[in-house]
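Trainee: fold the following and give me the result.
(chains A, B and C, ligands or ions: 3)
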Amino acid sequence: MSRKKVSVWSDNRFWQRSATWVTGFASILLIWLTFDTMGQITMGNQKDIDNHIAKKVPSATVINYKVEYNMNQFRGHEVPVIGGDDGKGNSLFKVKEKFFGRDDYSQKEADALLHLGKLASQAKNCMDCHTLLGNGAYYAPDLTKAWLDPAWGKDGPLQSMTGKNTKEEAMAEFLQNPGKYPTHARMMPNLGITPKEAKGLVAFLKHMATIDTNGFPRGFGKIKEGVVYAKSK
Amino acid sequence: MQSQSNFKYESQKLGSWYFTVAVILFGAQLLLGLVSAIQFIYPSFLYDILDFSITRMVHINALVVWMVYAMIGSVYYLLPDETGIETVGIGIGKLLFWVLTLAVTIVVLVYIFIQVGPANQTTIWLITEGREYIEAPRWADIGIVVVVLGFLANTFLTAMKGRRTGIMTVILSDMIALAGLYLAGMYFTDNISMDQYWWWWVIHLWVEATWEVMVGALAAYALIKIVDAKREIVEMWLWIEVAMLFGSGILGLGHHYFWIGTPEYWWEIGALFSALEPLPLVGMFVHVLYDWGKEKGLKEHTGADATSNNTPALMWLVSNGFGNFLGAGVWGFFHTLPQVNIYTHGTQFTAAHGHLAFFGAYATILIGMFYMAIQGKYGIKKLRATFDSKMAIFLITFGVLGMTVALTIAGYEQVLIARAQLGGTWDAFFVAQNQLWMSQAMDWRLIMGVVTTVGFFYLVKDLLTISKNPQNVK
Amino acid sequence: MIEAFTDMNSSFFGFLNQGPLTLTIFLHTVIVLPMFWIYFQEKKRLEREN
Ligand code: HEM
Ligand code: HEM
Ligand SMILES: [Fe+2]
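Mentor: Ligands and ions are numbered 1, 2, ... in the order given. This is a model prediction of the structure:
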């Protein structure tokens, strides 16, 4: 029973087994986490809204509601607020907002619009100029909360520029003819977007703004001095 | 050209075909990168003709495809060396090469001439999937999977029949994971959060897990060939690297799940696992330098010729060790904590990291493999760097570092002004874009891109002529 | 030390995510701990072989 000095640290088999263990177990954990996350990010439906259940990714029918981006005291950062704010940054799911003249899109209609918009975003490759949820290209503004951008609002320049008096119509008009409404030397090109596709895209953008992105982008549209400063340029 | 080939195996010849296409695509990547960079400065350049989205898409697709080509080529190249036999089913391997190359050509032509389509599934199947890096239409995805399955069959059958080394074991298991992950990218959903969740499986688990392990295996092979490193030692390092790379990289995926609609627990997981990702990269760097120095010292001691067998490949291998650590490790760590990433996410800072990481971790070692193939092709015992070799590595490295510095400055500026100060709106974005510091950085990015491209021409010239260098030892 | 849970939905991983780095330290630990076992097993084997 002579106990010779051995070096496990320079032993090939030890490292091979460790590598196999670490890889296998990390993969299992990732798969487990993936199941958990899938459950949490599955898109909600109108029933959730009716029952006042907030979802990370809410129902497509949020297009029928007013959307804001407010500080939530419990979460400690801004969150999308759907259908009115209870004063603490939680959604009331009450206050409606017209979307192309209607606020009664059925689940089926809303799903179809979102589907068309998502397809259009891929067919026209928005992601190779813009970022969506912060991923993509850095040539043009992030679209995560574009729906809430002050530029599209009543006080912003885009509604009068496009001659439309709602946000959604102004956006749809811009998307169909971006070259006609340049606000900067770097313009968005004409991507052959049809009126129907534009409507779908605006629904897609409005829906994206309601996704709970854990507070990204921070302070979006809140910094008034910034907006004024920018406009003066 | 074919007649003077000294390849001992058809598999190595096939490897060199893959390398040839890789170099051509690398050139296309740089050209389209230059056009994208010009469009940043002169937005009317090719506006409504070849828009930024298209030039950028071709830039990054050519990048990914040339690297995949060079990796497949490397495996075909080292397969006979490792297994001791000719690759099984090499005829099919060659056929698949032509099929893949034809498919890539068609995809690129469609990108450039058709560009976008109507919002329906036909566009997704025939024109583009419109998801950064994996824009290739669905038909091409399926074609790629078929070709890769054939390639896997080639390598598996060969490895089973021939000698089974540790390097081969790592490469084989890694390639299954690499190919399997691609499937996660062939998927359409209306839910953009779900979409991005799976998109990152392909992008992150490729570049920060499976590709890195491939680099570890290629470096192990190259060290054995170039500096006569001992296999047992190199393979032990390789297993350590695999453990550390996968141990940190798989759950490090979490650093992309901070803000896409996923639960908050990813903040912690992504932060701490990815913060450990630089460790194996430091290890790989130390490993290359250590083995090189050790073998050199041993040879000097015995009075043997202590020079390496392939100086240009060794230069690129050392720059890989350093570039991987710097681009992926340091620049990656800069923005990997959620506290930082909430501001840097999706800015020029990301682009700075993307450039240095892809270059440092992958371009370098794959260029080194090109030189290994040149050595094999002309049956040269000791391949010696020429003036052109040195100009190539100097200009390309200097150019990419210069671009990275410019983009990092642009990134800081964008992060502070557009994000921290002004809250990331449309206006905020352009206020930051129009700052002098941003526009100067964009000018420098273009200038340094030109420097990189000049270096690329030296590289091509060198690859074509280095075999005639009188200092080579036949 | 232990902070309130602030995410939208609770879940097993959310439950472990209770404060400064609790979840990630837990995951690191369960990955690394079994390596000790592998280490001692291999040590025994090497001692037997030598
Ligand atoms: C060779 C290895 C690597 C390569 C090639 C690479 C490449 C990239 C690229 C191209 C992106 C941008 C993706 C996009 O277009 O949205 C990216 C993002 C990112 N990388 Fe890496 N990377 C590597 C390693 C690392 C490491 C080791 C870390 C951390 C320590 C890291 C941290 C990140 C982070 C946090 C992002 C997200 C940036 C954002 O939020 O915009 N990367 N990487
Ligand atoms: C001639 C030299 C080059 C120029 C002028 C150039 C230019 C560009 C431009 C303008 C973009 C778009 C960035 C944006 O969306 O704002 C880009 C993206 C990218 N380039 Fe290059 N590039 C060059 C070389 C390279 C090289 C050598 C590599 C890697 C080996 C590389 C890898 C990438 C990657 C990974 C992206 C995507 C970055 C991201 O999404 O974060 N490029 N490049
Ligand atoms: Fe990553």
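Trainee: give me the low-pLDDT residue ranges for chain C?
Mentor: For chain C, the stretches with pLDDT under 70 are C:1-4.
Trainee: for it, longest helix please?
Mentor: helix C:22-49 (DSSP state H).
Trainee: so how far is it from its chain's centroid?
Mentor: Averaging C-alpha positions (CA atoms, centre = their mean, to the nearest Å) puts helix C:22-49 11 Å from its chain's average.
Trainee: now do the contacts for the closest residue to ligand 3 within chain B.
Mentor: Chain B approaches ligand 3 most closely through B:His204 (3.8 Å), counting by CB to the ion. C-betas here are computed from N, CA, C, even on glycine. B:His204 makes contact with B:249, B:252-253, B:256, according to CB atoms under 8 Å, 6 or more residues apart in numbering or on different chains.
Trainee: what packs against the longest helix of chain C?
Mentor: In terms of contacts (3 or more CB pairs under 8 Å, 6 or more residues apart in numbering or on different chains; DSSP states H and E), helix C:22-49 is packed against helix A:12-41, helix B:265-275, helix C:12-16.
Trainee: can you put these in TSV and add mean neighbour count and distance to ligand 3?
Mentor: As requested, these are exported to TSV (neighbours: other CB atoms under 10 Å in any protein chain shown; distance: least, CB to the ion, whole Å):
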stretch	mean neighbour count	distance to ligand 3
helix A:12-41	18	13
helix B:265-275	23	7
helix C:12-16	16	20
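Trainee: nearest to B:Asn469, out of those?
Mentor: helix A:12-41 (38.2 Å; CB to CB).
Trainee: what does the pLDDT read for residue 31?
Mentor: If you meant another chain, say so; for now it's chain A. Looking at A:Ile31, its pLDDT stands at 97.
Trainee: try again with chain B
Mentor: So B:Leu31 comes in at 98 (pLDDT).
Trainee: how about it, nearest residue that isn't a chain neighbour?
Mentor: B:Thr453 (7.6 Å; CB to CB, 6 or more residues apart in numbering or on different chains).
Trainee: buried ones in the one helix or strand the one you found maps to, by neighbour count?
Mentor: Using DSSP states H and E, B:Thr453 falls within helix B:436-465. For helix B:436-465, a neighbour-count test (16 or more other CB atoms under 10 Å in any protein chain shown) marks B:438, B:441-442, B:444-446, B:448-449, B:451-456, B:458-459, B:462-463 as buried.
Trainee: mind listing the strands for chain A?
Mentor: Using DSSP state E, the strands found in chain A span residues A:67-72, A:77-82, A:131-132, A:135-136.
Trainee: nearest to A:Gln107, out of the ones you listed?
Mentor: Closest to A:Gln107 of the strands of chain A, according to CB to CB: strand A:77-82, at 15.4 Å.
Trainee: report the buried residues of the helix or strand of chain B with the lowest mean pLDDT.
Mentor: Within chain B, no helix or strand scores below helix B:278-302, which has a mean of 89 by mean pLDDT, DSSP states H and E. Neighbour counts over helix B:278-302 (16+ other CB under 10 Å) mark B:278, B:280-281, B:283-285, B:287-288, B:291-292, B:295, B:299 as buried.
Trainee: for it, packing partners?
Mentor: Looks like helix B:278-302 contacts helix B:211-227, helix B:231-252, helix B:311-323 (3+ CB pairs under 8 Å, 6+ apart).
Trainee: got JSON lines for these, with mean pLDDT and mean neighbour count too?
Mentor: Below are the helices and strands packed on helix B:278-302 laid out as JSON lines (pLDDT from 0 to 100; neighbours: other CB atoms under 10 Å in any protein chain shown):
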{"stretch": "helix B:211-227", "mean pLDDT": "95", "mean neighbour count": "25"}
{"stretch": "helix B:231-252", "mean pLDDT": "94", "mean neighbour count": "24"}
{"stretch": "helix B:311-323", "mean pLDDT": "95", "mean neighbour count": "24"}
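Trainee: ligand 2: which of those helices is closest?
Mentor: Closest to ligand 2 of the helices and strands packed on helix B:278-302 is helix B:311-323 (CB to the nearest ligand atom; 9.8 Å).
Trainee: who are the contact partners of B:Thr452?
Mentor: Applying CB under 8 Å, 6+ apart, the residues near B:Thr452 are B:30, B:395-396, B:399-400, B:403.
Trainee: helices of chain A, start to end?
Mentor: A:12-41, A:46-50, A:107-123, A:158-162, A:167-176, A:195-209, A:224-231.
Trainee: distance check, the residue nearest the centre of chain B against B:Trp206.
Mentor: Against the mean C-alpha coordinate of chain B, by CA atoms, centre = their mean, the closest residue is B:Tyr362 at 3.7 Å. Look at B:Tyr362 and B:Trp206: by CB to CB, to the nearest Å, they are 10 Å apart.
Trainee: ok, B:Asp48 next?
Mentor: In terms of CB to CB, B:Asp48 sits 33 Å off from B:Trp206.
Trainee: so C:Gln18, which of the three states?
Mentor: coil (DSSP: H, G, I helix; E, B strand; the rest coil).
Trainee: touching, it and C:Phe5? I think so.
Mentor: Yes - using CB atoms under 8 Å, C:Gln18 is in contact with C:Phe5, at 6.3 Å.
Trainee: same list (the strands of chain A) but as JSON lines, adding distance to A:Ser10, mean pLDDT and mean neighbour count.
Mentor: Formatted as JSON lines, those follow (distance: least, CB to CB, whole Å; pLDDT from 0 to 100; neighbours: other CB atoms under 10 Å in any protein chain shown):
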{"stretch": "strand A:67-72", "distance to A:Ser10": "54", "mean pLDDT": "96", "mean neighbour count": "19"}
{"stretch": "strand A:77-82", "distance to A:Ser10": "49", "mean pLDDT": "97", "mean neighbour count": "24"}
{"stretch": "strand A:131-132", "distance to A:Ser10": "47", "mean pLDDT": "98", "mean neighbour count": "24"}
{"stretch": "strand A:135-136", "distance to A:Ser10": "43", "mean pLDDT": "98", "mean neighbour count": "24"}
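Trainee: between these, which gets nearest to ligand 1?
Mentor: strand A:135-136 (4.5 Å).
Trainee: just the residues contacting the closest one, thanks.
Mentor: Contacts of strand A:135-136 (CB under 8 Å, 6+ apart): A:126-130, B:132, B:196, B:199, B:256, B:260, B:346.
Trainee: check whether stretch B:459-474 contacts ligand 2.
Mentor: No - shown here: stretch B:459-474 not in contact with ligand 2 (CB under 6 Å from any ligand atom), separated by at least 11.5 Å.
Trainee: now do the end-to-end distance for that stretch.
Mentor: From its first residue to its last, stretch B:459-474 covers 22 Å (CA to CA, to the nearest Å).
Trainee: list the contacts of the residue of chain C found nearest ligand 3.
Mentor: In chain C, the residue that lies nearest ligand 3 is C:Thr24 (16.0 Å; CB to the ion). Contacts were defined as CB under 8 Å, 6+ apart; by that measure C:Thr24 touches B:268-269, B:271-273.
Trainee: do the same with B:His59
Mentor: B:29, B:32-33, B:35-36.
Trainee: B:Lys230: how many residues sit nearby?
Mentor: Applying other CB atoms under 10 Å in any protein chain shown, we find 14 other residues in the vicinity of B:Lys230.
Trainee: enumerate every residue touching it.
Mentor: So B:Lys230 contacts B:Ile224 (CB under 8 Å, 6+ apart).
Trainee: what about it, distance to B:Gly297?
Mentor: From B:Lys230 to B:Gly297 the distance is 13 Å (CB to CB).
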